[in-house]
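Undergrad: Have a look at this fold, sequence not included:
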Ligand code: HEM
């Protein structure tokens with residue numbers, strides 16, 4: 001039974017187990033549930049029609065939610081956090097750099113980085129595959145988006161500093177607290193300085209040299225029609241952060257699911273073995289099972305597990321009215337595990353993506369959001385996740401590590417807590433043993 005407390009409301013229950021909290025909200029109160037996070041009234045909307053209403057049809061009546069509003073301290077007016085006209089202008093500028101032709105050009109970097117990281121794996125030694133997939137996607141993002149090799153340790157350290165401040169976003173007066181030199185807030189400031197230092201030096205080099213490295217930042221510097229250095233920093237920081245961790249988590253979760261479902265892993269291996277030579281973008285159409293595994297992973301473990309908005313005007317939702325200023329959350333975690341749309345919702349069943357047309361509502365699956373703010377990197381992410389998965393399974397068989405189950409950490413993104421440990425076995429070895 002929920003007992004909201006004075007001042008903090010449901011904040012303690014929410015923070016103590018976020019996935020359980022949002023699940024129980026829907027179980028106890030239905031598709032439209034209201035709770036209180038610190039000073040903020042929050043509406044949880046957990047039905048595909050309501051997802052469409054907030055993200056597509058009534059999108060202009062909302063701004064980003066509290067977490068991304070607070071993230072502006074790091075991401076400024078980058079695409080993820082900008083609002084209104086600034087967002088529209090920047091989206092128009094950045095969009096061409098995500099054209100499918102450019103992403104096709106990035107595919108060889110994706111495969112090459114993936115192969116290089118996995119080449120260093122020690123056969124049969126338990127391995128944190130999440131750390132490995134973060135390295136792959138961050139190195140890929142550095143090369144393709146910024147045209148530079150990034151120091152993985154520094155960016156990951158900065159990201160950990162930033163994530164540590166997530167829990168503060170809903171505290172009363174959190175905006176004013178941000179400058180205080182205490183605990184996680186000091187780490188937030190440190191993470192911000194580290195990231196901006198790194199990005200500023202790349203932006204300065206590119207702006208002064210005018211070099212076109214074929215990467216996205218070059219495209220922005222050369223074709224942007226004069227984005228200021230502050231705007232370039234905001235976009236580059238946003239793309240570096242938004243462009244690696246979510247895909248790394250997807251790949252790591254997919255490898256976990258294959259490790260605990262060896263028969264699916266064997267079928268994926270059969271699919272990949274049927275393709276000769278180096279994998280490349282032309283093979284994407286020949287990897288339907290890999291794609292289905294990625295889809296099912298995004299359903300079961302959506303890296304964006306809950307999206308937030310704040311109402312700018314009042315909205316009628318069923319027989320309830322959302323007032324201006326109220327927060328709205330759209331929990332992928334709940335909608336993606338709803339048995340009305342997904343029979344046996346907690347089962348890993350890639351076949352549900354292979355059976356042709358389905359009659360489930362379109363917005364029962366929204367790992368990349370929807371509407372005008374839909375993820376700009378979706379094509380990039382699909383290419384990287386599908387080719388990355390195929391590259392790894394081609395060479396390695398993954399097994400679970402006894403006694404190290406997957407634990408989840410739902411912060412801004414859903415990530416594994418304490419790493420994701422698997423045992424890699426080289427394929428040649430596996431087949432010799434068989
Ligand atoms: C599996 C991987 C990914 C997932 C699950 C994911 C998810 C999302 C979601 C849900 C949003 C919408 C946020 C909102 O409306 O509040 C979003 C936006 C965004 N994503 Fe991704 N993303 C992924 C990969 C990427 C990649 C690879 C990039 C860049 C290379 C990227 C860059 C962005 C940017 C810049 C936005 C803001 C777009 C805008 O508002 O115009 N994402 N992403």
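TA: Received the coordinates, thanks. Just so it is clear, the model here is predicted, and its values are computed rather than measured.

Undergrad: quick one, helices of the stretch 1-150 of the chain?
TA: Assigned by DSSP state H, counting those that start in this stretch, the helices in the stretch 1-150 of the chain fall at 11-16, 18-29, 48-52, 66-70, 72-75, 84-94, 100-119, 129-141.

Undergrad: As a markdown table, those helices with distance to the ligand and mean pLDDT would be great.
TA: All C-beta spots, glycine's among them, are computed from the backbone N, C-alpha and C. A markdown table is the format used below for the helices of the stretch 1-150 of the chain (distance: least, C-beta to the nearest ligand atom, whole Å; pLDDT from 0 to 100):
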| stretch | distance to the ligand | mean pLDDT |
| --- | --- | --- |
| helix 11-16 | 19 | 86 |
| helix 18-29 | 16 | 96 |
| helix 48-52 | 11 | 98 |
| helix 66-70 | 6 | 87 |
| helix 72-75 | 9 | 86 |
| helix 84-94 | 5 | 91 |
| helix 100-119 | 9 | 92 |
| helix 129-141 | 6 | 95 |
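
Undergrad: Mean neighbour count for these - can I get that in JSON lines?
TA: Shown next, in JSON lines, are the helices of the stretch 1-150 of the chain (neighbours: other C-beta atoms under 10 Å):
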{"stretch": "helix 11-16", "mean neighbour count": "16"}
{"stretch": "helix 18-29", "mean neighbour count": "17"}
{"stretch": "helix 48-52", "mean neighbour count": "20"}
{"stretch": "helix 66-70", "mean neighbour count": "20"}
{"stretch": "helix 72-75", "mean neighbour count": "20"}
{"stretch": "helix 84-94", "mean neighbour count": "15"}
{"stretch": "helix 100-119", "mean neighbour count": "18"}
{"stretch": "helix 129-141", "mean neighbour count": "25"}
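
Undergrad: Redo the ones you listed as TSV? Include distance to residue 59.
TA: TSV is the format used below for these (distance: least, C-beta to C-beta, whole Å):
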stretch	distance to residue 59
helix 11-16	25
helix 18-29	22
helix 48-52	10
helix 66-70	14
helix 72-75	19
helix 84-94	11
helix 100-119	25
helix 129-141	27
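
Undergrad: nearest to residue 270, of those?
TA: Comparing these against residue 270 with C-beta to C-beta, the closest turns out to be helix 100-119 (19.5 Å).

Undergrad: Check this protein for the residue nearest the ligand and tell me.
TA: Here the chain gets closest to the ligand at one residue, residue 377, 2.1 Å apart by C-beta to the nearest ligand atom.

Undergrad: separation between the closest residue to that residue other than its chain neighbours and residue 17?
TA: Distances taken as C-beta to C-beta, 6 or more residues apart in numbering place residue 243 nearest to residue 377, at 5.5 Å, with adjacent residues excluded. As judged by C-beta to C-beta, to the nearest Å, residue 243 and residue 17 stand 29 Å apart.

Undergrad: from memory residue 142 sits against residue 136, does it?
TA: No - using C-beta atoms under 8 Å, residue 142 is not in contact with residue 136, being 11.0 Å away.

Undergrad: Check the contact lists of these two and give me the overlap.
TA: The contact sets of residue 142 and residue 136 do not overlap (C-beta atoms under 8 Å, 6 or more residues apart in numbering).

Undergrad: Can you tell me which of the helices of the stretch 1-150 of the chain is nearest to residue 391?
TA: helix 100-119 (4.6 Å).

Undergrad: tilt between the closest one and helix 129-141?
TA: For helix 100-119 against helix 129-141, the angle by axes from the mean of the first three to the mean of the last three C-alpha atoms, to 10 degrees is 140 degrees.

Undergrad: What are the contacting residues of helix 100-119?
TA: Here helix 100-119 has contacts from 96, 132, 135-136, 139-140, 143-144, 214, 216, 219, 278-281, 379-380, 383-384, 387-388, 391-392, 395-396, 424, using C-beta under 8 Å, 6+ apart.

Undergrad: before we move on, what about stretch 406-416?
TA: Outside stretch 406-416, the residues touching it (C-beta under 8 Å, 6+ apart) are 18-19, 67, 71, 130, 163, 166, 245-246, 249, 252-253, 256, 301-306, 333, 417-418, 420.

Undergrad: that older thread, give me the more crowded residue out of residue 243 and residue 17.
TA: Between residue 243 and residue 17, residue 243 has the larger neighbour count (other C-beta atoms under 10 Å), namely 23 against 12.

Undergrad: Identify the residues contacting the more buried one.
TA: Counted by C-beta under 8 Å, 6+ apart, residue 243 has contacts 137, 141, 145, 377, 380.

Undergrad: please redo it, this time with the cut-off set to 6 Å
TA: 141, 145, 377 (C-beta atoms under 6 Å, 6 or more residues apart in numbering).

Undergrad: Can you list the residue ranges for strands in the chain?
TA: 32-37, 40-45, 62-64, 127-128, 307-311, 315-317, 320-322, 327-330, 396-400, 408-410, 414-416, 421-426 (DSSP state E).

Undergrad: got JSON lines for those, with distance to the ligand and mean pLDDT too?
TA: JSON lines is the format used below for the strands of the chain (distance: least, C-beta to the nearest ligand atom, whole Å; pLDDT from 0 to 100):
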{"stretch": "strand 32-37", "distance to the ligand": "17", "mean pLDDT": "93"}
{"stretch": "strand 40-45", "distance to the ligand": "14", "mean pLDDT": "94"}
{"stretch": "strand 62-64", "distance to the ligand": "6", "mean pLDDT": "97"}
{"stretch": "strand 127-128", "distance to the ligand": "19", "mean pLDDT": "97"}
{"stretch": "strand 307-311", "distance to the ligand": "5", "mean pLDDT": "97"}
{"stretch": "strand 315-317", "distance to the ligand": "17", "mean pLDDT": "96"}
{"stretch": "strand 320-322", "distance to the ligand": "17", "mean pLDDT": "96"}
{"stretch": "strand 327-330", "distance to the ligand": "9", "mean pLDDT": "97"}
{"stretch": "strand 396-400", "distance to the ligand": "19", "mean pLDDT": "98"}
{"stretch": "strand 408-410", "distance to the ligand": "13", "mean pLDDT": "95"}
{"stretch": "strand 414-416", "distance to the ligand": "9", "mean pLDDT": "96"}
{"stretch": "strand 421-426", "distance to the ligand": "19", "mean pLDDT": "98"}
